[in-house]
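Asker: Sequence first, then the predicted structure, then my questions.
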Amino acid sequence: MGSQPDCKGRLFVVSGPSGVGKGTVVAEVLKRLPNLKRAVTYTTRQPRQGEVQGKDYRFVTREEFERLKEQGAFLEWAEVYGNFYGSPKHEVEQLLSRGCDVVLVLDVQGALSVKQQIPDSVLIFLEPPSLDELKRRLEARGTDPPEVIERRIAKAQWEMGQACKFDHIVLNDELEDAVSQLVKLIQETTTAQTVEGGERC
């Protein structure tokens, strides 16, 4: 066995109910932590207004998604509200092996699946102030009909019950507070690992 220090990066998974603001919070965190890399999820759903191909998601057809799935391209994948989502396995592994810290934005099911495969990944649950506020945010987003919003709220009740399985819970009431908490949490985790394992990405 060699004595070379372990400089592998740490994987952070930010999750929570639909509409809680995962993408918004993580986008702000990335601005403040330039050494943190986001692995962009593949999805078969249509882009929402303002979403950018390759930055927010990699938007693909169902046929493309199935082909990638058969090739073993995903760390995890799931069907959510009739659309498929998958985390890019090669990209995550490559960044981690280079010593980069990586963040994935996933639904709760996907986050728990990643934890099974990568036990030292850090799961962070983004929590809404209340289900009423979550419903208000989903309605304000204007992308789903009322029946879909009701399905999302029903699922959110189950998802919030899974928060105890996460390593950390961050309340997303005020955006700046949530971003600051997440930045501090990631910095403290990576600083501790740097002390233990030598230089980082």
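Answerer: Looks like it arrived, so ask away.
Asker: quick one: N83 and T44 touch, right?
Answerer: Yes - N83 lies in contact with T44 (CB atoms under 8 Å); the separation is 5.0 Å. The way it works is simple: take the backbone N, C-alpha and C, and place the C-beta from them, glycine included.
Asker: residue ranges with poor pLDDT in the protein?
Answerer: 1-6, 191-201 (pLDDT under 70).
Asker: where do the strands sit along it?
Answerer: 11-15, 36-38, 42-43, 58-59, 74-80, 83-88, 101-105, 122-127, 168-171 (DSSP state E).
Asker: Any chance of a markdown table for those, columns distance to V25 and mean neighbour count?
Answerer: As requested, these are exported to a markdown table (distance: least, CB to CB, whole Å; neighbours: other CB atoms under 10 Å):
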| stretch | distance to V25 | mean neighbour count |
| --- | --- | --- |
| strand 11-15 | 7 | 25 |
| strand 36-38 | 12 | 20 |
| strand 42-43 | 19 | 20 |
| strand 58-59 | 20 | 16 |
| strand 74-80 | 19 | 18 |
| strand 83-88 | 18 | 20 |
| strand 101-105 | 9 | 23 |
| strand 122-127 | 6 | 22 |
| strand 168-171 | 8 | 17 |
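Asker: okay, those in JSON lines with distance to Q157 next?
Answerer: JSON lines is the format used below for the strands of the chain (distance: least, CB to CB, whole Å):
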{"stretch": "strand 11-15", "distance to Q157": "15"}
{"stretch": "strand 36-38", "distance to Q157": "28"}
{"stretch": "strand 42-43", "distance to Q157": "24"}
{"stretch": "strand 58-59", "distance to Q157": "29"}
{"stretch": "strand 74-80", "distance to Q157": "16"}
{"stretch": "strand 83-88", "distance to Q157": "21"}
{"stretch": "strand 101-105", "distance to Q157": "21"}
{"stretch": "strand 122-127", "distance to Q157": "13"}
{"stretch": "strand 168-171", "distance to Q157": "16"}
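Asker: What ranges does this structure have for its helices?
Answerer: 22-32, 62-70, 89-97, 108-117, 131-141, 146-161, 175-197 (DSSP state H).
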